[in-house]
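K.L.:
have a look at this prediction, sequence included:
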Amino acid sequence: MGLTETLSERFDVGGHGSDVRTEFIAGVTTFLAMSYIIVVNPAILSAAITIDGYESIEVFQMIAIATILASVVATLVMALHANRPFGLAPGMGLNAFFAFTVVIALGIPWQTALAAVFVEGILFILLTAVGAREYVINLFPEPVKYAVGAGIGAFLLFIGLQEMQVIVGYEGTLVTLGDVAATPAALLGVLGVLFTLILWARGVTGSIVIGILTTALAGWVVAVAGLTSPENVVDGQLYATFAEQGLVGGLVTLVTAVQFDFTPLAGAFVAGLSDIDPITFTFVVFTFFFVDFFDTAGTLIGVSQFGDFLDEDGELPEMDKPLMADAVGTTVGAMLGTSTVTTYIESSTGIEEGGSTGLTALVVAGCFLLAIPFVALVPILPDYASFLALVVVGVMMFQGVVDIDWDHPAWAISAALTILVMPLTYSIADGLAAGIVAFPIIKATMGEGDDVNPGQWVLAVLLVAYYVLQTGGFVL
């Protein structure tokens, strides 16, 4: 039996209506959409993590290696244990909370912050093992489950357009349209989005990965041709290195300069477990726990709806298995030296390409592993090329709104809040909370309170209590 047949049988690829080639393309697509985390996560965490005897660039590269390995471990668990096409990596937002709030603002040692992430991961493993996480997620109201895909789509669209500089900050209205025609990166990004959407509309297999690579190549061609300053379209330091040493010399220089030994970072959480303030430490663990719980829940439901993995009750069968992947990933990630690991909404890019089994996740893990020797080269893919995938998929994910009963006030209000609050607060968790709280209240005022599960009331009350404390400044 050949490798293709072995993989197909191991992941039941045929039984899921897919094939090995499709799963491979889907995995590469998801990796390309997620690959920015290899640079962004170290950029954020290195602002808070310092190691005696090592320069900042060396610490950056250590965190990059830890980021990759944590992503590999978590995604392998997703592939081999859950057989789902989801990629995992250290989560955006939680890494910023780790660095800027916990370590820098509160003055908590970064080793102690890693210890808090480790404790959170252990709690997730225990709760997942007894089915508690799956039980709570299944309490989410139906309109929230059907709306979360579109909410994530709006969130992706908003993030992508900002990163591409199509949408920019503006004091009067918070955001406004950027100077796209005068900004080479934004213009290339918009053209890349248009090109990718045309490919998708025409049913071209691998449209997203083709769009990403074509747009990245176009950026480098523009830089080499001198049509604009290289810094406007590609990484300036990389460009200078290649310009001075040539293609081969530049590659050798960048790859051999990477600090692959990350042992000063790995295991640092152990030291963080000593000399801690119990109250502050508990608050930090709780905040990590809350945000990660609902972010992961929203992502799983959203991408599962997008991939048509949900059953007739709007639930993901055997949800405990993918939940265990992020629990193990978070625990291992803390041990290696990075913040909370979670399922990535960028997984929807691979699902759009047809990925439907753990083979897609296996390819994602493999791509992350192969990226280790080329940590210094990851920036060769311009941001606008990577983030165009978020814009494209964000548009696609709005297809799920047709399943919402917009004629029913409770459904319409709960679904609309879920969709709108996510991008407006920059949080999947906040969007979920808005929909979850609104549903039982509206149902009850309509005289349909008997249709509300008691567990939904409990969940809504707990969320209200949390947000009162959070927005009142009583918790982190």
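P.N.:
Noted; the coordinates are in hand. Being a predicted model, the structure only gives us computed values, none of them experimental.
K.L.:
and the gap between the closest residue to residue 75 other than its chain neighbours and residue 448?
P.N.:
Leaving aside its sequence neighbours, residue 75 sits nearest to residue 365 (Cβ to Cβ, 6 or more residues apart in numbering; 4.1 Å). For every residue, glycine as well, the C-beta is placed using N, CA and C. Computed as Cβ to Cβ, to the nearest Å, the residue 365 to residue 448 distance reads 46 Å.
K.L.:
neighbour count winner among the two?
P.N.:
Counted by other Cβ atoms under 10 Å, residue 365 and residue 448 do not tie: residue 365 has more neighbours, with 26 against 14.
K.L.:
what helix or strand is the more buried one on?
P.N.:
helix 358-370 (DSSP states H and E).
K.L.:
can you name the next helix or strand after that helix?
P.N.:
Following helix 358-370 in sequence order, the next helix or strand is helix 383-396 (DSSP H and E).
K.L.:
give me the helices and strands touching that following helix, please.
P.N.:
In terms of contacts (3 or more Cβ pairs under 8 Å, 6 or more residues apart in numbering; DSSP states H and E), helix 383-396 is packed against helix 20-34, helix 142-163, helix 184-201, helix 207-224, helix 347-352.
K.L.:
tell me the angle of the helix or strand just after it relative to helix 383-396?
P.N.:
Downstream of helix 383-396, the next assigned helix or strand under DSSP H and E is helix 409-425. Here the directions of helix 409-425 and helix 383-396 differ by 170 degrees (axes from the mean of the first three to the mean of the last three Cα atoms, to 10 degrees).
K.L.:
angle of the helix or strand just after helix 409-425 against helix 409-425?
P.N.:
Downstream of helix 409-425, the next assigned helix or strand under DSSP H and E is helix 428-445. Relative orientation of helix 428-445 and helix 409-425, computed by the same axes, to 10 degrees: 160 degrees.
K.L.:
what residue is smack in the middle of the chain?
P.N.:
residue 344 (3.1 Å; Cα atoms, centre = their mean).
K.L.:
what pLDDT does that one get?
P.N.:
Confidence at residue 344, expressed as pLDDT, is 90.
K.L.:
am I right that it is in contact with residue 90?
P.N.:
No. In this structure residue 344 lies outside contact range of residue 90 using Cβ atoms under 8 Å: 9.7 Å.
K.L.:
what touches both of these two?
P.N.:
Here residue 344 and residue 90 have residue 37 as joint contacts, going by Cβ atoms under 8 Å, 6 or more residues apart in numbering.
K.L.:
could you find the closest non-adjacent residue to residue 119?
P.N.:
Ranked by Cβ to Cβ, 6+ apart and with sequence neighbours excluded, the top spatial neighbour of residue 119 is residue 285, at 5.2 Å.
K.L.:
actually, residue 148.
P.N.:
residue 302 (4.4 Å).
K.L.:
over to residue 81?
P.N.:
residue 321 (5.5 Å).
K.L.:
what's around residue 237, how many residues?
P.N.:
13.
K.L.:
helix or strand for it, which one?
P.N.:
With DSSP H and E as the test, residue 237 turns up in helix 236-256.
K.L.:
can I get the CA coordinates of stretch 147-156 in CSV?
P.N.:
Extracted C-alpha coordinates of stretch 147-156, given in CSV (Å, rounded to 0.1, in the frame of the first residue of the first chain):
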residue,chain,number,x,y,z
ALA,A,147,-24.5,33.4,13.5
VAL,A,148,-21.0,32.8,14.8
GLY,A,149,-19.7,31.9,11.3
ALA,A,150,-20.8,35.2,9.9
GLY,A,151,-19.5,37.0,13.0
ILE,A,152,-16.1,35.5,12.5
GLY,A,153,-16.3,36.3,8.8
ALA,A,154,-16.9,40.0,9.7
PHE,A,155,-14.1,39.8,12.2
LEU,A,156,-11.7,38.3,9.6
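K.L.:
distance from that stretch to the middle of the chain?
P.N.:
Computed by Cα atoms, centre = their mean, to the nearest Å, the chain-centroid distance of stretch 147-156 equals 13 Å.
K.L.:
equivalent analysis for stretch 218-232, please.
P.N.:
On Cα atoms, centre = their mean, the centre of stretch 218-232 falls 29 Å from that of its chain.
K.L.:
quick check: buried residues in that stretch?
P.N.:
For stretch 218-232, the neighbour count (16 or more other Cβ atoms under 10 Å) marks 218-220, 222-223, 228, 230, 232 as buried.
K.L.:
and stretch 397-414, by the same measure?
P.N.:
In terms of neighbour count (16+ other Cβ under 10 Å), stretch 397-414 has its buried residues at 397, 400-401, 403-404, 408, 410-414.
K.L.:
reformat the residues you listed as JSON lines; add distance to residue 259 and pLDDT.
P.N.:
JSON lines is the format used below for those (distance: Cβ to Cβ, whole Å; pLDDT from 0 to 100):
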{"residue": "397", "distance to residue 259": "38", "pLDDT": "77"}
{"residue": "400", "distance to residue 259": "44", "pLDDT": "73"}
{"residue": "401", "distance to residue 259": "47", "pLDDT": "83"}
{"residue": "403", "distance to residue 259": "49", "pLDDT": "80"}
{"residue": "404", "distance to residue 259": "50", "pLDDT": "88"}
{"residue": "408", "distance to residue 259": "57", "pLDDT": "95"}
{"residue": "410", "distance to residue 259": "55", "pLDDT": "95"}
{"residue": "411", "distance to residue 259": "53", "pLDDT": "95"}
{"residue": "412", "distance to residue 259": "53", "pLDDT": "96"}
{"residue": "413", "distance to residue 259": "52", "pLDDT": "97"}
{"residue": "414", "distance to residue 259": "49", "pLDDT": "96"}
